[in-house]
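K.L.:
sequence? don't have it. structure:
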C-alpha cells in the first residue's frame, strides 16, 4: 500500500508525466488521422466516451497540481534556509553544494559579499547572500495557468452541453431552462472597436424566474440561466403566406431564414408540394444594412421542381401576386441563431490565458535583467562549513563569485597555516 | 631532492650564420627564482623564448615541466604556453581600449574561459582593487606592470618568465613590483626566470647566471 | 543508370553506419554486422513483399516504418530537452540500456532494415522471380559489406572530438533515412505531414473558436479576419509541417546547448576550474555538429519533397460538349487514347460554368472518370507520376489503384457508362457534382465555418 501511494505520488509530481500523457494523446491523434478526415473531432468524441482516456486526461491537471505543491514546498524550504530559520541544508535545493573547513576568512565573508553587491543576512549558524528577484512567482503563475488550461479542457470536453435555437424579437428566449424572458429587441450596430466590426445586443425582458432585464452581447458572451449565449448567425424570422393555383390550400409558416448579409439565399420548402422558395434580403444599394435599419425588402425565387416559376422582390409586410400565385410576407422580425452553451471549462481557459500572459510578463524582465542568485553558508559542527549556490540566470557570473568566495575562505585557511 | 623544472642539454639556437645561444646545459629546480644577466645580444632573450616555448632550438634537448618541447607539435606548444607559462615583458602589451580587468580576462579567454570574479580577485591581490575599470593609459607604469603580473599569474602557470619587467620603472616602483612577485611566488610556488640588466633586480633571485655571446660564463647563488 | 539512382540511398546508409559506430563506441563489430544484416534483410524482405502484395501495401508499410522512426525521434528529442533543462530529470536506466550491445545491435539492425527497404523501393522491381531474389541476396550483401567496411575505415580516421551524443545519434539516423526516402515520391513523408497539419490547423482553429465562444467572421473586423484566415490557407500546412519536421533536430541542438556544465566548486584553483569548464563547453559545441548536420538533411529532405525531380504528366484539358440528350461522349481511341494508362483531362462548359474532369485507366485495367478536384482541397487539380496522381493543392499522393474510390483527397468519382463507342457521362450530373464540390471546398478559404 505504501509503495502504491509512493508510486502515485511520483506519478503526480513528476515533470515527465504531462509530456508522456500529451504524447499518448498525440499518438492516438495520429492513428485516428490515418482513418478519418475529422481526426480532432473524432478524438474529442472518443475521449469523451472512454473512461480510460478521460482518466488519462484528468492526470494532466492532477500532475500540474502535484508540481505546484512540490515546487511550493521546495520554495518554502529554501526560503526557511535562506532566512536562517533552520539549520542544515538540502543539496537537492541548490545547483552546487560543497563542504569546506572553517577558515579565519569566514568572519570577513559577509563584508566581502556586501562589496560584491549581494544582500546578506547572518544568523548564528548561517550566512546567506542573494541578488535579484526570484522567478518563482512567474513559475507559479505559469503552473496555475497550465493547471487552469488543463482543467478547462477537461471540463469542457467532459461536461459541455450545447443547444441551438433562434432568438427572435418578440418571442421568449429559447434558453435550455425553458423559461427565457421575451426578447424585446435585437439591435445590430457598427462597432468602433479594433476587434469587433459589429455590436449585437439582444434585449431580454425579465423572465418568470425573477431575474432582471438582460442585454446579451457578443463578446464576452453573456450568461443566461447558467448558459453562455453564443450568437452564431443572423437572419430573419419571416411569416410566409403562399398559395398557388395547383395547391389545394394556402401555406403559412413562420420561417427561420439564415439570410444575413443581404444577398445570401436560404431555401424554404413548401411541404407536400413541388414548390420551393429561395429567399434573400435585397441590398438597398445605399450602403445601409437592412438588418440595422429594419427596412427590409426580400428577393425571392419560386421554383417548381428545378424550374424557376418567377422571381421578384417583396417589401416586408408586402404581397406579390401573379397568375394565380400569391406570396406575402406579412410579418418579419430580426432573428439570431444562437447557441446556449453550458461549459464552465471556458472560464478556466480564459483564466489560464490571463495567468500565462501575466507569467510571461513577469518572467521576461526578471530573467533577463535581475535573475535570482543565492549563496548559503551553513556551519556544520565546529570546523566545517557547507556552502550552497544556486542561480536562475547569469549562472557563470554567479558561479565565478561563488568560487572566488570559496577561494577566499581557502586562502584564509592558508593564512592560518602560515 | 627538488626536481628540475627545466633541463637543457646542449641547447643551441642559430639564426643563419649567427649562433645566438651556444650549446647550453642548464638545470632549474622547481620553485627557484633564476635571474639571467648579460649584455645586449648575449642570448638572454633567446634563452627565455626557448624555455617559454616561443621559439624552437636549432639543436640540443629541452625539457620543461617534464615535457620535451622539441617533440611537441605546434598545437602542443601552444597548449604548453597557454597552461604552463606566464610572461611579463618590459612593455605592458595590454589592449589599450580594454580596462584592467578586461585585459586580465583576455588572458583567461585565451587559456580557457573568462571569469570576471577571478580576474577582479587577481587584480585585488596585486593591489589594484581600486583600478579595475581603468584603461592602461590611465595607469602609472608601476600599476601597468602590476596588471601584467595579474595577467601572467591568472592561469596559475608553473613557470613565470620576466623579460626586463622593471626596465621602464623607477626605483620605488621596481621594489614594489619585485616585492609583489616575491609574495606571489611564496603563495603560488611557481618558478621564476627573470632576464635583466639590473644587478639589484637580479639580486631578488635565488641564483643568477651570466651569459656572454650565447655562452654561460658565470653562475652566482644569492644569499637567502 | 539504376546504380546511379541508388547512390544517394547507399551514401545515406553509410552515413547511418558512421553515426552508429560513433554513437556506440566500443561496439564496432556488433554495429557493423547487424547493420549489414539489417540492410540485406530490408532489401530482400521488401522485394519479397513486392512479390506478394500490391505496391500500395508495400509503400504503405515502408512509409509507416519511416513515420514511426520520425515519431520516435520526436519522443527522444523531447526527452533530451527535459533532461538538460530540468533539475532532477534523468533517464539513467535508458542511457545505461542504450550502451549495451543488444541495444546497439537492435538500433543498427532496424536502421539497416529501413534503409534497405527504402533503397529497394527506388528500383523498378520488374523481375519478381525467385531468380531475381536469388541474385538480390548476394548483390545486396556484397554492396552492404563493402560500404560498411569502407565506413568503418573512415570512422577510424575521424578525430576523437567528432563525438555523437545518445540524442544526436537517433536524430542523425532519422534525418538520413528521411533524406533517403524523400527522393522517392511514394515514400515521401513531408507532404502528407503538411497535409495533415493543414487539416489539423483547420479543425483546431474551428474547434478553438467554438470552444472559446469566439464570434463568427460576420462580427469580426475584416483586417483581423484576414489574419485568422491565414490559419485556413494551405501555407499553414507547409509552415506547420516545417515546424514539426525540424523541431526534433532543433530540440536536440538546444538540449546540447542547455546542458549544465560540470560542478567545479570543489576545485580551489581558478585556472583548473576554467579549464574544466572550457573543456565541457568545447565538448558541448562538438556535440552540436551532428544535430546541425541532421538539420541540414531535414532541410534537404523537405526541399526534395517540395520540389521533387519528378515531372508530372498534366495534359491541357480538352474541351468537350454534350449531345442534345445531355450526354458527354468521349471515344476511347479518339483525340487521345483513354486506355493508355495516362491521365486525360477534359473541360466541359454549360451556362458559363466550367467543370474539369479526367479519364484514367487504372493498373487493374478499369476506366475511371473523376472530377479534377477532391472533396477537401481547393480545385487545383491533379498531375500523374510514378504510379500515383498528386493533388496540386495539398501535395497528397493518391496511388493509381485507389483513383476512382471516393473519400479523403481522392479525386471525386463521377458515374459514367462504358460503351463500345466510348465513355458516356451525364452532363448535368457532372456540372452539379463540380458545383457542389467546389462550393464546399471553397469554405476552407472562408474559415471552415
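P.N.:
Cool, the structure landed. Given the structure is predicted, the values throughout are model-derived calculations rather than measurements.
K.L.:
Tell me how far residue C:75 lies from chain A.
P.N.:
Distance, residue C:75 to chain A, by CB to the nearest CB, to the nearest Å: 6 Å. C-beta here means a position set from N, CA and C on the backbone, and glycine is covered the same way.
K.L.:
Quick check, pLDDT for that residue.
P.N.:
Listed pLDDT for residue C:75 reads 92.
K.L.:
before we move on, what about residue A:304?
P.N.:
Looking at residue A:304, its pLDDT reads 85.
K.L.:
Neighbours of it, how many?
P.N.:
Residue A:304 is flanked by 15 other residues according to other CB atoms under 10 Å in any protein chain shown.
K.L.:
what's the closest non-adjacent residue to it?
P.N.:
Spatially, and ignoring its direct neighbours in sequence, residue A:304 is nearest to residue A:274 (5.1 Å; CB to CB, 6 or more residues apart in numbering or on different chains).
K.L.:
The one you found against residue A:307, yeah?
P.N.:
No: in this structure, residue A:274 is not within contact of residue A:307 by CB atoms under 8 Å, at 9.5 Å.
K.L.:
Quick check on these two: which one has the bigger neighbour count.
P.N.:
residue A:274 (14 against 8).
K.L.:
How about the residues of the stretch 51-200 of chain A by chain C?
P.N.:
A:92, A:95-96, A:98, A:156, A:160, A:193-198, A:200 (CB under 8 Å from any CB of the partner chain).
K.L.:
Dump those into a markdown table; add secondary structure and neighbour count as well.
P.N.:
Converted to a markdown table, these look like this (DSSP: H, G, I helix; E, B strand; the rest coil; neighbours: other CB atoms under 10 Å in any protein chain shown):
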| residue | secondary structure | neighbour count |
| --- | --- | --- |
| A:92 | helix | 11 |
| A:95 | coil | 19 |
| A:96 | strand | 20 |
| A:98 | strand | 17 |
| A:156 | helix | 20 |
| A:160 | coil | 17 |
| A:193 | coil | 11 |
| A:194 | coil | 9 |
| A:195 | coil | 13 |
| A:196 | strand | 18 |
| A:197 | coil | 19 |
| A:198 | strand | 19 |
| A:200 | strand | 24 |
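K.L.:
closest to residue B:219 among those residues?
P.N.:
residue A:98 (46.7 Å; CB to CB).
K.L.:
Report the beta-bridge partners for that closest one.
P.N.:
residue A:387 (DSSP bridges).
K.L.:
residues contacting it?
P.N.:
Neighbouring residues of residue A:98 by CB atoms under 8 Å, 6 or more residues apart in numbering or on different chains: A:386-387, A:406, C:265-266.
K.L.:
now these: which count as buried?
P.N.:
A:386-387, A:406, C:265 (16 or more other CB atoms under 10 Å in any protein chain shown).
K.L.:
Show me the beta-bridge partners of residue C:318.
P.N.:
According to DSSP bridges, beta-bridge pairing links residue C:318 with residue C:346.
K.L.:
Let me know whether it touches residue C:356 as I believe.
P.N.:
No: contact criterion CB under 8 Å: residue C:318 and residue C:356 do not qualify, at 10.7 Å.
K.L.:
Go ahead and flag the most central residue of chain B.
P.N.:
residue B:161 (1.1 Å; CA atoms, centre = their mean).
K.L.:
Relative to chain A, how far out is it?
P.N.:
From residue B:161 to chain A the distance is 25 Å (CB to the nearest CB).
K.L.:
residues in contact with that residue?
P.N.:
Contacts of residue B:161 by CB under 8 Å, 6+ apart are B:48, B:51-52, B:85-88, B:192-195.
K.L.:
how does the chain divide up, domain by domain?
P.N.:
Just going to use chain A. For chain A, the structural domains run A:87-133+A:371-418, A:158-234+A:340-358, A:235-338, going by automatic domain parsing.
K.L.:
let's do chain C instead
P.N.:
If you go by automatic domain parsing, chain C breaks into C:2-196+C:234-306, C:318-446.
K.L.:
Lowest mean pLDDT across these, which one is that?
P.N.:
domain C:318-446 (a mean of 83).
K.L.:
Check which helix or strand residue 109 maps to.
P.N.:
Since you didn't name a chain, this refers to chain A. Using DSSP states H and E, residue A:109 falls within helix A:109-115.
K.L.:
Please refer instead to chain C.
P.N.:
helix C:101-122.
K.L.:
Now do that helix: which elements does it pack against?
P.N.:
Contacts defined by 3 or more CB pairs under 8 Å, 6 or more residues apart in numbering or on different chains; DSSP states H and E place helix C:101-122 against helix C:2-23, helix C:28-52, helix C:55-85, helix C:130-157, helix C:168-182.
K.L.:
cutoff 7 Å now
P.N.:
Packing partners of helix C:101-122 (3 or more CB pairs under 7 Å, 6 or more residues apart in numbering or on different chains; DSSP states H and E): helix C:2-23, helix C:28-52, helix C:55-85, helix C:168-182.
K.L.:
between the first one and helix C:28-52, how big is the angle?
P.N.:
Yep, that's helix C:2-23 we're talking about. Between helix C:2-23 and helix C:28-52, the angle comes out at 140 degrees (axes from the mean of the first three to the mean of the last three CA atoms, to 10 degrees).
K.L.:
again with the last one
P.N.:
Taking the same axes, to 10 degrees, helix C:168-182 and helix C:28-52 form an angle of 30 degrees between their directions.
K.L.:
Which residue comes closest to residue C:350 once chain neighbours are left out?
P.N.:
Residue C:350 sits nearest to residue C:431 (CB to CB, 6+ apart), 5.4 Å away.
K.L.:
what about that neighbour, how many neighbours?
P.N.:
Around residue C:431 there are 19 other residues, counting by other CB under 10 Å.
K.L.:
What of residue C:156?
P.N.:
9.
K.L.:
next one: residue C:405
P.N.:
For residue C:405, using other CB under 10 Å, the count is 13.
K.L.:
Phi, psi for the closest residue to residue B:139 other than its chain neighbours please.
P.N.:
Leaving aside its chain neighbours, residue B:139 sits nearest to residue B:131 (6.2 Å; criterion: CB to CB, 6+ apart). When read as degrees, to the nearest 10, the backbone of residue B:131 gives phi -120, psi 20.
K.L.:
Could you look up the SS state of residue A:374?
P.N.:
strand (DSSP: H, G, I helix; E, B strand; the rest coil).
K.L.:
Let me know whether it touches residue A:387 as I believe.
P.N.:
No: assessed by CB atoms under 7 Å, residue A:374 is found out of contact with residue A:387, at 11.4 Å.
K.L.:
From what I see, residue C:20 and residue C:108 are in contact.
P.N.:
Yes: the criterion here is CB under 7 Å, and residue C:20 meets it with residue C:108 at 5.1 Å.
K.L.:
Report the set of residues contacting both of these two.
P.N.:
Residues touching both residue C:20 and residue C:108 (CB atoms under 7 Å, 6 or more residues apart in numbering or on different chains) are C:31, C:35.
K.L.:
follow-up on the earlier one: distance to residue A:336 for the domains of chain C - can I get that in JSON lines?
P.N.:
Listed next are those as JSON lines, based on distance: least, CB to CB, whole Å:
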{"stretch": "domain C:2-196+C:234-306", "distance to residue A:336": "31"}
{"stretch": "domain C:318-446", "distance to residue A:336": "20"}
